[in-house]
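Asks: give me a model of this one.
(one chain, ligands or ions: 2)
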Amino acid sequence: MWFNTTIGTDIAEAKRFLEQGETVGIPTETVYGLAANALSPEAVLKIFSVKNRPHFDPLIVHVSSANEIEKYTENIPQKAEELMRAFMPGPLTLLLPKKSVIPDLVTSGLDTVAVRVPKHKLTLELLQQLDFPLAAPSANPFGYISPTSAYHVYDQLHGRIPYILDGGTTEVGLESTIVGFENDHAVVYRLGGLSVDDIERITGKAILQLNESSNPKSPGMLKSHYAPKKNLTIRQFNELNIDEIQAENAGAILFNQYIQNSPSPNQILLSAKGDVKEAARNLFAAMRQLDNSNVSVIYTIPFPDTGLGKAINDRLRRAAVGTE
Ligand code: TXA
Ligand code: MG
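Replies: Ligands and ions are numbered 1, 2, ... in the order given. Predicted coordinates for the structure are as follows:
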């Protein structure tokens, strides 16, 4: 099916397509999603086909409020309730035992479902107006960098989806943090837009299970993921040499200072003021910009390993695998 993809801010239009069982690009605070009716296996199948996503990779179900989560899940642990109260809406996804209304296709046959309440005005309004929740993975072809603007979605998926709801540039810029529960412990499966410190303030010590295997519980944790097409290499900042970079026609994604204080158009600072949150917000757009530029390779550095810096480093490591 071919569509004349439009971008706009018309919630009624997005709703109309979703009610017809089509997929629609939606903004969230983390990254843009590719949404469809989570209760309709036919609609959900379209998500997998538009993204070229393998069916073994389950989807996150988006709802309009934490109260809605009870409709789709059961046996919610106390710690999950506390996390919901603290961080929903927000960049947090919880893995909870699913009720049978959620099609097996959404969870790839797992008995848990991933649920979250996105913190974005347009999408919350859309969810409130719909009488079903939205399954939505990030709106990029499988394995590529997640989109942080409506134009990123258009760039890669135009013609394959009818509509993109434009909610501007995403506020957080990294995907949600995924948390499950085992024997009353919180287990973090994917680092993301909510820091582990924030989670542990509510749950106490959490277990980190950031698998880097080829058959993980959470395939977003695949070793190679979130990757540009160009070779991306991580180096210590002081090992980057400006003459080599220029000779190689390389680009660089940096934190708050240029290599040897020599600015160039192919060096991108993610946060001149040295703020990891701002760096997280700018990361994926910078990766795309250099991937679409004429540089031959991309260098980057380890970011400060605190707060969202941990999630940035996680994405950079996965982006580097397979391109090195
Ligand atoms: O911020 C986000 O989470 C964005 C926005 C659009 O909400 N969504 C997103 O979806 O990043 P996606 O599909 O790109 O990543 C979701 C991850 C996948 O790695 C998937 O394997 C994992 O969540 N996942 C989903 N359901 C799961 C389940 N029941 N058990 C374990 N992992 C699950
Ligand atoms: Mg994704």
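
Asks: report the buried residues of stretch 152-159.
Replies: By neighbour count on 16 or more other Cβ atoms under 10 Å, the buried set for stretch 152-159 is 152, 153, 154, 156, 157, 158. Bear in mind the C-beta positions are built from the backbone N, C-alpha and C, glycine included.

Asks: what is the neighbour count of the nearest residue to the last one once chain neighbours are set aside?
Replies: Spatially, and ignoring its direct neighbours in sequence, residue 158 is nearest to residue 5 (4.2 Å; Cβ to Cβ, 6 or more residues apart in numbering). Counted by other Cβ atoms under 10 Å, the residues lying close to residue 5 total 16.

Asks: ok, residue 5 touching residue 156?
Replies: No: if you go by Cβ atoms under 8 Å, residue 5 and residue 156 don't touch, sitting 10.8 Å apart.

Asks: per-residue pLDDT, the nearest residue to residue 21 once chain neighbours are set aside?
Replies: Counting by Cβ to Cβ, 6+ apart, residue 43 is the residue found nearest to residue 21 once chain neighbours are left out, at 4.3 Å. Among the per-residue scores, residue 43 shows a pLDDT of 98.

Asks: show the backbone phi and psi for residue 43.
Replies: Per-residue torsions, residue 43: phi -70, psi -40 (degrees, to the nearest 10).

Asks: for it, list the residues it contacts.
Replies: 18, 21, 22, 23, 36, 37, 135 (Cβ atoms under 8 Å, 6 or more residues apart in numbering).

Asks: ok, the last one to ligand 1 distance?
Replies: If I follow you right, that is residue 135. Relative to ligand 1, residue 135 is positioned 9 Å away (criterion: Cβ to the nearest ligand atom, to the nearest Å).

Asks: from here on, call the first residue 4.
Replies: With 4 as the first residue, the last one maps to residue 138.

Asks: wait, isn't that residue in contact with residue 62?
Replies: Yes: counting by Cβ under 8 Å, residue 138 touches residue 62, with 4.3 Å between them.
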